[in-house]
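# Pasting a predicted model and its sequence here:
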Amino acid sequence: MFKILLGTNNYKKGVELSELLLSFGVGVSTLADFACGFEVVEDGKSFIENARKKAIECARFFKTPSIGEDSGLCVEALGGLPGIYSARFAATNNSNATDVENNKLLLEKLSSVPIMKRTAFYTCAAVVVDATGVIIGEAQEYCRGRILFEASGEGGFGYDPLFEIIEYHKTFAALNPAVKKTISHRARTMRKLIPSILKIKNTNLE
Ligand code: IMP
């Protein structure tokens, strides 16, 4: 089966993409499958810059078609923060903070902000490159909601217990996972990239 490398160590992101691409005859591997300590420094100034960097460096290192993706939460009342710093929002050094620490800091920063002004969106940027690192497709999509005053729900990860989809009256952590898989920023972005992924697959079969 044709396989594409998703440049992440996040196993859940790999499973999500595998499920999306299975019916197209495309398999997905992640950096966790290689266990070689390869890492990309996320020093871009935007989600798409980070995604491009991850895709190109992965493809060149592993010599295989790759997808780089970068995602995060942007809160309007905080001028777009945590944004590209989502994973390390509460960190005191250069490494990532835990989800609990990040969520606590987010609630603190929004403590005086009323519900009407707590609007936010998740975004995911992703870039597909061929085995030499040439960009074949890019996409960036969004999922809108708002930040509640306290956590609700057991599922998901990251900021999901605080992120409410207004139309469903439920946080991403409380929603049925099948719904999140359909409406999430990552699902929307990856669906847009299917034609680019299939283009590489078909070129590899020629
Ligand atoms: P990345 O792995 O560098 O893209 O990290 C993105 C960070 O953004 C994660 O560590 C989470 O804090 C946050 N994030 C991105 N997507 C989601 C999501 O679907 N749910 C919850 N948090 C997310």
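It's in. Numbers count the residues shown, from 1 in each chain.
# Would you mind confirming that residue 2 makes contact with residue 203?
No: between residue 2 and residue 203 there is no contact under C-beta atoms under 8 Å: 10.1 Å. For glycine as for every other residue, the C-beta is placed from the backbone atoms N, C-alpha and C.
# Show me which of these two is the more surrounded one.
Neighbour count, other C-beta atoms under 10 Å: between residue 2 and residue 203, residue 2 has more, with 16 against 12.
# list the helices and strands the top strand by length along the chain packs on?
For the chain, the longest strand by residue count, based on DSSP state E, is strand 135-147. Judged by 3 or more C-beta pairs under 8 Å, 6 or more residues apart in numbering; DSSP states H and E, the packing partners of strand 135-147 are helix 47-62, strand 119-129, strand 163-165, helix 185-205.
# Now do it against strand 119-129, angle only.
Here strand 135-147 points in a direction 170 degrees away from that of strand 119-129 (axes from the mean of the first three to the mean of the last three C-alpha atoms, to 10 degrees).
# Tell me if strand 135-147 is near the ligand.
No: if you take C-beta under 6 Å from any ligand atom as the test, strand 135-147 misses the ligand, and the best it gets is 8.0 Å.
# quick one: buried residues of that strand?
136, 137, 138, 139, 140, 141, 143, 145, 146, 147 (16 or more other C-beta atoms under 10 Å).
# Stretch 62-69 too?
The neighbour-count check on stretch 62-69 (16+ other C-beta under 10 Å) flags 62, 64, 65, 66, 67, 68, 69 as buried.
# between these, which is closest to residue 31?
residue 62 (8.9 Å; C-beta to C-beta).
# Please tell me how far the residue nearest the centre of the chain sits from the ligand.
By C-alpha atoms, centre = their mean, the mean C-alpha position of the chain lies nearest to residue 71, the distance being 3.6 Å. Distance, residue 71 to the ligand, using C-beta to the nearest ligand atom, to the nearest Å: 4 Å.
# about what we covered before: got the buried residues of strand 135-147 as CSV, with pLDDT columns?
Converted to CSV, the buried residues of strand 135-147 look like this (pLDDT from 0 to 100):
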residue, pLDDT
136, 98
137, 98
138, 98
139, 98
140, 98
141, 98
143, 98
145, 98
146, 98
147, 98
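# Against residue 62, how distant is the residue nearest to the centre of the chain?
According to C-beta to C-beta, to the nearest Å, residue 71 and residue 62 sit 21 Å apart.
# for residue 17, same thing?
Distance of residue 17 to residue 62, computed by C-beta to C-beta: 16 Å.
# how about the residues of the protein that lie near the ligand?
Residues of the chain lying close to the ligand by C-beta under 6 Å from any ligand atom are 10, 70-73, 86-87, 102, 122, 156-160, 172, 184.
# 5 Å - rerun?
70, 71, 72, 86, 87, 158, 159, 160 (C-beta under 5 Å from any ligand atom).
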